[in-house]
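Undergrad: What follows is a protein structure lacking sequence information:
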């Protein structure tokens, strides 16, 4: 894949180092002229000197042919503008922006950036994904931790205890895989009653995992 990275600081540098074993075609844009040669020599990739918020610089770096355009400068405004230009004017397939202020993430997405990455939010999400709550634990995660398989144990205090599966308001984007009753597996039959001691296996994303916790476990 062709990947264009705007920003040759520590984040951009280590991103290239991480991508190199996968043999992608990586091109970098860096504003500081004296750093460009160092990056090019050490990383052995083309490094264009210039402002990534200028469309001519993006065009020189082949952003119009990029499978991914990734902006990781230290300024949110520059990352947003460069991603918008790459996406809207040069039709890069996917854009990813580093967001230094987590409050800007939703704004970036509303303004057309395909994905945002913020280290603070990422760390918090990883912790949340890995935490086992009383009655709910993560069995595994896939797709870079975006999809989570959880086991939820029904207790006598559970809001869904003694309810039929069909009576439970499960979010649309969640999938009930199976119900375990005394080591026997049952499909998600809407007439099946959940009893204390039963376990439910669910697939969800991180946000819906939180909703499932409240639905099946209440506020504990």
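TA: Good, I have the coordinates. A quick note: this is a predicted structure, and the numbers were derived from the prediction, not measured.
Undergrad: Residue nearest the middle of the protein, spatially speaking?
TA: Centroid-nearest residue in the chain, with Cα atoms, centre = their mean: residue 146, separated by 5.9 Å.
Undergrad: ok, residue 147 touching residue 205?
TA: Yes: Residue 147 lies in contact with residue 205 (Cβ atoms under 8 Å); the separation is 6.3 Å. No exception for glycine: its C-beta is placed from N, CA and C like everyone else's.
Undergrad: which of these two has more neighbours?
TA: Taking residue 147 and residue 205 together and counting by other Cβ atoms under 10 Å, residue 205 has the greater number of neighbours (18 against 14).
Undergrad: In this structure the more buried one contacts residue 172, no?
TA: No: shown here, residue 205 and residue 172 do not form a contact pair, counting by Cβ under 8 Å, at 11.7 Å.
Undergrad: Name the next helix or strand following the helix or strand of the chain with the lowest mean pLDDT along the chain.
TA: Scoring the helices and strands of the chain by mean pLDDT, DSSP states H and E places helix 119-130 at the bottom, with a mean of 62. Proceeding N to C from helix 119-130, the next assigned helix or strand is strand 136-142, under DSSP states H and E.
Undergrad: Output the contacting helices and strands for that following strand.
TA: Helices and strands touching strand 136-142, by 3 or more Cβ pairs under 8 Å, 6 or more residues apart in numbering; DSSP states H and E, are helix 119-130, strand 147-153, helix 206-217.
Undergrad: wait, doesn't residue 63 sit right on residue 92?
TA: Yes: when contacts are counted by Cβ under 8 Å, residue 63 is listed as touching residue 92 (5.4 Å).
Undergrad: and for the two, which residues touch both?
TA: Between them, residue 63 and residue 92 share the neighbouring residues 4, 69, 86, with contact defined by Cβ atoms under 8 Å, 6 or more residues apart in numbering.
Undergrad: quick one: contacts for the last one?
TA: In other words, residue 86. 4, 58, 63-64, 66, 69, 71, 92, 95.
Undergrad: Just the buried ones among those residues, please.
TA: The neighbour-count test (16 or more other Cβ atoms under 10 Å) marks 4, 58, 63, 66, 69, 71, 92, 95 as buried among the contacts of residue 86.
Undergrad: Which ones among these lie within helices?
TA: Judged by DSSP state H, the subset of the buried ones among the contacts of residue 86 located in helices is residue 58.
Undergrad: hang on, the earlier thing: can you tell me which residues contact the residue lying closest to the residue nearest to the centre of the chain once chain neighbours are set aside?
TA: Counting by Cβ to Cβ, 6 or more residues apart in numbering, residue 146 lies nearest to residue 205, which is 6.0 Å off, once chain neighbours are set aside. Applying Cβ under 8 Å, 6+ apart to residue 205 gives the contacts 146-148, 173.
Undergrad: do you know how far residue 205 is from residue 175?
TA: 11 Å (Cβ to Cβ, to the nearest Å).
Undergrad: With residue 78 instead?
TA: 40 Å.
Undergrad: Please say which of these two ends up with more neighbours.
TA: Counted by other Cβ under 10 Å, residue 78 and residue 175 do not tie: residue 78 has more neighbours, with 20 against 14.
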